[in-house]
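Q: what's the 3D shape of this:
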Amino acid sequence: MRSKILLTLCLLTACSIFSQDCPEPKTENYKKVMSSAFAKDYKDCPVTIEGVYFKEGYANGYRKPKKVKKMYFFQCTNSDGNNNSNALTNEESGDFFVIEKDKADTVIEFQKGDKLKITGTTFIQNYFGMELSVFFIVSDIEKIE
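A: Numbering: from 1, shown residues only. Okay, here's the model as predicted:
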């Protein structure tokens, strides 16, 4: 009987420690959320950002992280429309966003330049402790005018 009570107390304590109480997603600055300096702050609780659709897909020649490998990849930029340029390939790219494939139909219809309201969390790809890329895992997305 005593061991059952102890086990119950341990389980209740573990549940309260590991459960995440997230507030409603608040709107944050795109550049801040996608910056490697701040991305860790948005990995557990959803946040909303506004961006511009750039194109579908991931960077050519790069391996997708295992955590998001089976998701649909697309790229967005800050609302100022500035893109990144790969020095090796001279290919323009945006920041990397992923969404579950069963929710991807909405994204597939977007055109380059569409303004978006995007809600989700961040994921940082690490390689031997070195931060390589920030990804935004989308839970909700809509086109705005």
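
Q: Show me what secondary structure element comes after the worst-scoring helix or strand of the chain on mean pLDDT.
A: Taking mean pLDDT, DSSP states H and E as the measure, the helices and strands of the chain show their lowest mean at helix 2-18, namely a mean of 44. Counting by DSSP states H and E, the next helix or strand C-terminal to helix 2-18 is helix 30-34.

Q: Go ahead and produce CSV holding the CA coordinates of that following helix.
A: Below are the C-alpha coordinates for helix 30-34, written out as CSV (Å, rounded to 0.1, in the frame of the first residue of the first chain):
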residue,chain,number,x,y,z
TYR,A,30,9.7,37.3,-37.6
LYS,A,31,13.4,38.1,-37.5
LYS,A,32,13.5,37.5,-33.8
VAL,A,33,11.8,34.2,-33.8
MET,A,34,13.9,32.9,-36.8
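
Q: buried sites along it?
A: Y30, V33, M34 (16 or more other CB atoms under 10 Å). (Glycine included, C-beta is placed from N, CA and C.)

Q: want to throw these into TSV with distance to D41 and pLDDT?
A: Formatted as TSV, those follow (distance: CB to CB, whole Å; pLDDT from 0 to 100):
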residue	distance to D41	pLDDT
Y30	14	95
V33	8	95
M34	12	94
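
Q: between those residues, which is closest to P23?
A: Using CB to CB, V33 is the member of these that lies nearest P23, at 15.5 Å.

Q: Contacts only, for T27.
A: V47, T48, I49, E50 (CB atoms under 8 Å, 6 or more residues apart in numbering).

Q: And it, how close does it get to T122?
A: In this structure, T27 and T122 are 15 Å apart, going by CB to CB, to the nearest Å.
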